[in-house]
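No letters, just coordinates:
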């Protein structure tokens, strides 16, 4: 291939990097859902994105109701990376009993916030709206909370 017909790799890479800087999130191809990987894989663990409103979707890896049923914490994973995004959902936003079972499919929108000091997460999502809940029957589709080894 002649030098002048080679693709401008350096220019293409620079354009891609510029796009990534101007758009802080990589979105899914078929929706405006933000991939969890683009939040959690940042050098700051996503803390620099605090204050941004995002839509995320995925499956509940673990869920637990807290505060006598007034809110719940979900560990959400969309398959884009092994890490989970912690989501805090208030009972006023959605029925918590539908959201907490492992394997539940959800699409939610909320504000990224810094969690309280002393927690392991660098950022968490405070859910403001649940767009969709796909319930799962744990008896028919058991999903372990841990990785399965082949």
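Sure, I can see it. Note that the coordinates shown come from a computational prediction; the quantities given were computed from them, not determined experimentally. Numbering: from 1, shown residues only.

how about the spatially most central residue of the chain, what does it touch?
Compute the mean C-alpha point of the chain, and by CA atoms, centre = their mean the closest residue is residue 36, 3.5 Å away. If you count contacts by CB atoms under 8 Å, 6 or more residues apart in numbering, residue 36 has them with 56, 58, 76-78, 80-81, 83-85. Yep, even glycine has a C-beta here, placed from its N, CA and C like the rest.

Likewise for residue 86?
For residue 86, the residues meeting the contact criterion (CB under 8 Å, 6+ apart) are 73-76, 115, 121, 124-125.

next one: residue 129
Contacts of residue 129 were listed using CB under 8 Å, 6+ apart, and they are 93, 108-110.

still on that earlier bit, tell me how far the residue nearest to the centre of the chain lies from residue 70.
If you measure residue 36 against residue 70 using CB to CB, to the nearest Å, the figure is 25 Å.

for residue 139, same thing?
Counting by CB to CB, the gap from residue 139 to residue 70 is 28 Å.

Output the longest strand belonging to the protein.
If you go by DSSP state E, the chain has its longest strand at strand 53-66.

quick one: the very next helix or strand once past that one to chain centroid distance?
For strand 53-66, the succeeding helix or strand toward the C-terminus, using DSSP states H and E, is strand 71-77. The chain centre lies 10 Å from the centre of strand 71-77; the measure is CA atoms, centre = their mean, to the nearest Å.

Could you number the chain from 36 rather than 1 from now on?
Yes, from this point I'll number from 36; that puts the last item at strand 106-112.

need the helix or strand of the chain with the lowest average pLDDT.
Every helix and strand in the chain was compared by mean pLDDT, DSSP states H and E; the lowest is helix 44-57, with a mean of 42.

I'd like the next helix or strand past that one.
Going C-terminal from helix 44-57, and assigning secondary structure by DSSP H and E, you next hit helix 71-75.

now that next one, how far from the chain's geometric center?
Between the mean C-alpha location of helix 71-75 and the chain-wide mean there is a distance of 6 Å, by CA atoms, centre = their mean.
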